[in-house]
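Asks: My questions are about this predicted structure, shown below with the sequence.
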Amino acid sequence: MIRWFRRKKEDVGTQEKEVNQEPTLEAPEPEEQEQLPGHVEAREEERATETVGEEAVPAGAEPQEEPSDARGESVEETRDGEPEETEEGAERGRFFSRLRQRLHKSRERLADRVDRLVLGKKTIDAQVMDELEEILITSDLGVPATQLLLDRVSDRVQRKELQDPARLREVLRQEITQILSVDAPAFDPSTTRPFVIMVIGVNGVGKTTTIGKLAHRIKCSGLSPLLVAGDTFRAAAIEQLERWGERIHVPVVRQKSGADPSAVAFDALDAAQARGADVVIVDTAGRMHTKVNLMEELKKVHRVIQKKMPTAPHEILLVLDATTGQNAISQARVFREAMNITGLILTKLDGTAKGGVIVPICHELQLPVRFIGIGEGMEDLRPFDPREFAEALL
């Protein structure tokens with residue numbers, strides 16, 4: 001009996017110990033053990049290594065130099081270059097998107113009709129070619145350029161390079177890119193100082209506005225432009241150019257209204273040399289290409305510039321209004337007979353369905369397109385890229 005009571009008492013004591021141990025199991029953290037001196041030293045050394053950076057460096061050791069690649073550039077420098085390339089690519093992407101949007105009228109007139117033409121077709125036959133001819137001509141590509149494109153498409157079909165009608169649009173894009181890629185020297189105002197640019201064209205094509213935007217581009221490139229108010233006949237032409245000069249902070253050489261444009265150009269070259277200007281942009285009065293006397297006056301301005309600088313003008317840019325369609329080809333033909341045109345600027349592409357006119361101009365006259373205007377903004381005068389234009393058009 002006494003033994004049983006003792007066992008019972010021991011069992012009760014054991015249960016009480018288990019109950020007392022339960023809070024210890026639920027305690028958040030056990031008490032820290034006493035650290036030995038060796039552990040303290042190791043902990044201090046570990047903290048010293050954490051202050052160096054991501055990679056552990058022993059305390060007291062000098063940080064290692066950044067690894068460089070085979071070209072001697074550090075990784076940081078290489079990484080710094082990547083955002084610039086990405087930013088440049090993004091800028092080109094934004095411009096292409098804007099160009100495609102501004103050319104939507106011209107694209108609807110050409111690309112959408114080509115898509116409808118080949119929809120459901122299994123072969124490129126004579127009927128498809130006849131309808132394609134109508135589409136190209138009515139899209140302001142002109143008869144000669146249209147015939148050239150048809151011949152090249154037919155040649156590919158005969159050689160069995162083009163059998164799928166769905167690829168017709170792609171082939172046309174390639175051929176148009178080739179036509180627009182006129183072989184000509186690059187537009188580089190930094191080659192000569194001062195680099196003289198003469199801007200010509202008929203009334204109302206936007207010469208003065210184009211000159212202001214072109215001067216802005218040149219100034220942003222690091223060169224110092226000088227504007228010349230050579231249009232002394234149109235009312236408020238001088239004031240309009242002066243407003244552009246104030247807007248972009250570029251000096252303007254002018255005389256009173258009605259002055260001789262040749263004298264203005266002569267004085268401007270003197271001023272450019274005295275001020276150290278890099279680029280001189282000469283505005284001229286708008287004149288109809290059918291007016292013989294006005295065209296002779298334009299030749300006189302050209303002769304005076306050459307007398308002052310035998311190698312000038314270095315660029316003669318003809319500004320054409322894309323909304324005039326096939327009439328722009330007639331203008332370019334007559335101006336080229338009178339002047340040695342070196343390049344074209346096509347304006348107002350954002351408001352017309354006749355953007356295809358650029359194809360016959362390049363094909364017939366073999367003149368490079370230097371710039372295109374796709375809006376009224378300061379940055380909407382852009383250098384012409386044949387491939388981008390063809391992709392946006394077709």
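Replies: Arrived safely. Residues are numbered from 1 along each chain as shown.
Asks: burial of Gly131, as a residue count?
Replies: Wrong residue type there; residue 131 is Glu, not Gly. Burial of Glu131, expressed as a neighbour count using other Cβ atoms under 10 Å, amounts to 15. (Each C-beta comes from the backbone N, C-alpha and C, glycine too.)
Asks: before we move on, what about the one 5 residues further on?
Replies: Residue neighbour count, defined by other Cβ under 10 Å, stands at 25 for Leu136.
Asks: quick one: contacts for the residue lying closest to it once chain neighbours are set aside?
Replies: Once flanking residues are discounted, Leu136 sits nearest to Thr146: 4.1 Å by Cβ to Cβ, 6 or more residues apart in numbering. Shown in contact with Thr146 (Cβ atoms under 8 Å, 6 or more residues apart in numbering): 133, 136-137.
Asks: and if you look at Pro360?
Replies: Residues 140-142, 144-145, 326, 329 are the ones in contact with Pro360 under the rule Cβ under 8 Å, 6+ apart.
Asks: Leu172 now?
Replies: Contact criterion Cβ under 8 Å, 6+ apart gives 114, 149, 153, 394 as the residues in contact with Leu172.
Asks: taking those one by one, which sit in strands?
Replies: Secondary structure assignment by DSSP state E places none of the contacts of Leu172 in strands.
Asks: what's the most distant pair in those?
Replies: The most widely separated members of these, counting by Cβ to Cβ, are Val153 and Leu394 (13.0 Å).
Asks: thought Gln163 was touching Val153?
Replies: No. Taking Cβ atoms under 8 Å as the definition, Gln163 is not a contact partner of Val153, at 11.9 Å.
Asks: Quick check: neighbours shared by those two?
Replies: Common contacts of Gln163 and Val153, defined by Cβ under 8 Å, 6+ apart, comprise Ile124.
Asks: Tell me which of those two has more neighbours.
Replies: Neighbours were counted for Gln163 and for Val153 using other Cβ under 10 Å; Val153 has more, 20 against 11.
Asks: And the pLDDT for that one?
Replies: Here, the pLDDT recorded for Val153 equals 93.
Asks: mean confidence for stretch 118-129?
Replies: Mean pLDDT, computed over stretch 118-129, is 89.
Asks: Can you name the residues that contact Leu226?
Replies: Applying Cβ under 8 Å, 6+ apart, we find Leu226 in contact with 194, 250-253, 268, 271-272, 275, 277, 279-281.
Asks: OK, contacts around the closest residue to it other than its chain neighbours?
Replies: With Cβ to Cβ, 6+ apart as the measure, Ala277 is the residue that lies nearest to Leu226, at 4.0 Å, once sequence neighbours are left out. Shown in contact with Ala277 (Cβ under 8 Å, 6+ apart): 194, 224-226, 251, 271.
Asks: Go again with 10 Å.
Replies: Under the criterion of Cβ atoms under 10 Å, 6 or more residues apart in numbering, the contact list for Ala277 reads 193-195, 223-227, 250-251, 253, 268-269, 271.
Asks: just Thr324 next, same as before
Replies: Counting by Cβ under 10 Å, 6+ apart, Thr324 makes contact with 140, 202, 204-205, 330-331, 348, 352, 354, 357.
Asks: name the element the residue nearest to Leu136 belongs to?
Replies: helix 143-158 (DSSP states H and E).
Asks: Repeat that for Arg287.
Replies: Going by DSSP H and E, Arg287 is not in any helix or strand.
Asks: Leu320 now?
Replies: Under the criterion of DSSP H and E, Leu320 resides in strand 315-321.
Asks: And the following helix or strand past that strand, what's buried?
Replies: Remark: after strand 315-321, the chain's next helix or strand is helix 327-338, criterion DSSP H and E. The neighbour-count check on helix 327-338 (16 or more other Cβ atoms under 10 Å) flags 328-329, 331-332, 335-336, 338 as buried.
Asks: Run through the strands of this protein in chain order.
Replies: With DSSP E, the ranges of strands along the chain come out as 195-200, 225-228, 252-253, 279-282, 315-321, 343-347, 369-373, 381-383.
Asks: can you tell which of these is closest to Arg159?
Replies: If you check each of the strands of the chain against Arg159 by Cβ to Cβ, strand 369-373 wins as the nearest, at 30.6 Å.
Asks: Pull the distance from stretch 145-163 to the chain's centre.
Replies: The offset between the C-alpha centroid of stretch 145-163 and the centroid of the whole chain comes to 31 Å, using Cα atoms, centre = their mean, to the nearest Å.
Asks: Same question for stretch 241-255.
Replies: Stretch 241-255 has its C-alpha centroid displaced from the chain centroid by 26 Å (Cα atoms, centre = their mean).
Asks: What's the end-to-end length of that stretch?
Replies: The first residue of stretch 241-255 is 12 Å away from its last residue (Cα to Cα, to the nearest Å).
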